[in-house]
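Asks: this is the structure alone, sequence omitted:
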């Protein structure tokens, strides 16, 4: 009798890796759509439309949505699919509280690790942020600001810290509460960046930690004030 050849371990491994690669790619695609604002807070995610757009079945898409749910970007609804999270102002405040601690710790760690090249890059970004402020270019300022803080977060040398902060920042960015800087607050933020640069030059980690925590919470205060006026 002829014997049926068993499936090779390599073949099974390749299938598993392909499945994992697919749902992770889908998670990246849908995450980008959410962060770009293509879904509003609280909006249902049309699974069938996404399946058609990406030419996939619902199984890998639902695996991708579970990844996004673990990141706090979507809520999974029993028998009703998924929707983008909608945060309350109190929830946003709590996220900023955690993010302030992470950034403070990052500053303390980075104070002893950032080299002259990184500090020069931060100075250049700061000067470009001043130009954006003078031109009232909030979008341009925001992009430069992210790069400024990413240097600190990456410079901490703590990958877990960086990834956790990115997840929290992503959750905040999709909330309906957005910081519309007043001219006063915008100017204060620039002054805080200037102070950070000086403290980094003289390696004052503890003082940087305090300043960065206050800097992050000041941003929340801008959001709270804007929400109170709306």
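Replies: Structure received. Note that the coordinates shown come from a computational prediction; the quantities given were computed from them, not determined experimentally.

Asks: tell me the confidence at residue 8?
Replies: Looking at residue 8, its pLDDT stands at 47.

Asks: could you do residue 138 as well?
Replies: 88.

Asks: how near is it to residue 93?
Replies: Distance, residue 138 to residue 93, using C-beta to C-beta, to the nearest Å: 22 Å. Yep, even glycine has a C-beta here, placed from its N, CA and C like the rest.

Asks: quick one: buried residues of stretch 72-86?
Replies: Buried positions in stretch 72-86, judged by neighbour count with 16 or more other C-beta atoms under 10 Å: 72, 73, 74, 75, 81, 82, 83, 84, 85.

Asks: so where do the strands sit in the chain?
Replies: Counting by DSSP state E, one finds strands in the chain at the ranges 74-77, 81-84.

Asks: make CSV out of those and add distance to residue 100.
Replies: Output for those, formatted as CSV (distance: least, C-beta to C-beta, whole Å):
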stretch, distance to residue 100
strand 74-77, 25
strand 81-84, 24
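
Asks: mean pLDDT and distance to residue 97 for the ones you listed - can I get that in JSON lines?
Replies: As requested, these are exported to JSON lines (pLDDT from 0 to 100; distance: least, C-beta to C-beta, whole Å):
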{"stretch": "strand 74-77", "mean pLDDT": "92", "distance to residue 97": "22"}
{"stretch": "strand 81-84", "mean pLDDT": "91", "distance to residue 97": "22"}
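
Asks: for residue 173, which of those is the nearest?
Replies: With C-beta to C-beta as the criterion, residue 173 lies closest to strand 81-84 of the strands of the chain, at 11.6 Å.

Asks: stretch 143-162: how far from the chain's middle?
Replies: Centroid separation for stretch 143-162 versus its chain: 11 Å, with C-alpha atoms, centre = their mean, to the nearest Å.

Asks: so which residues make contact with that stretch?
Replies: 102-103, 105-107, 109-110, 113-114, 118, 121-122, 125-126, 128-129, 132, 165, 189, 193, 196, 212 (C-beta atoms under 8 Å, 6 or more residues apart in numbering).

Asks: need the buried ones from those selected in PyMOL.
Replies: Entered in PyMOL, the line below selects the buried ones among those, by 16+ other C-beta under 10 Å:
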select buried, resi 102+103+105+106+107+109+110+114+118+122+125+126+128+129+132+165+189+193+196+212
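
Asks: what stretches of the protein score poorly on pLDDT?
Replies: Applying pLDDT under 70 to the chain flags the ranges 1-19, 178-181.

Asks: sorry, back to before: inside helices: which ones of the contacts of stretch 143-162?
Replies: Mapping those onto helices (DSSP state H) picks out 102-103, 105-107, 109-110, 118, 121-122, 125-126, 128-129, 132, 165, 189, 193, 196, 212.

Asks: okay, now the domains of the protein?
Replies: Listed by automatic domain parsing, the domain ranges of the chain are 9-84, 89-229.

Asks: so which of those domains is the most surrounded?
Replies: For the domains of the chain, the largest average neighbour count (mean count of other C-beta atoms under 10 Å) is found in domain 89-229, namely a mean of 17.

Asks: from the chain's centroid, how far away is that domain?
Replies: Averaging C-alpha positions (C-alpha atoms, centre = their mean) puts domain 89-229 12 Å from its chain's average.
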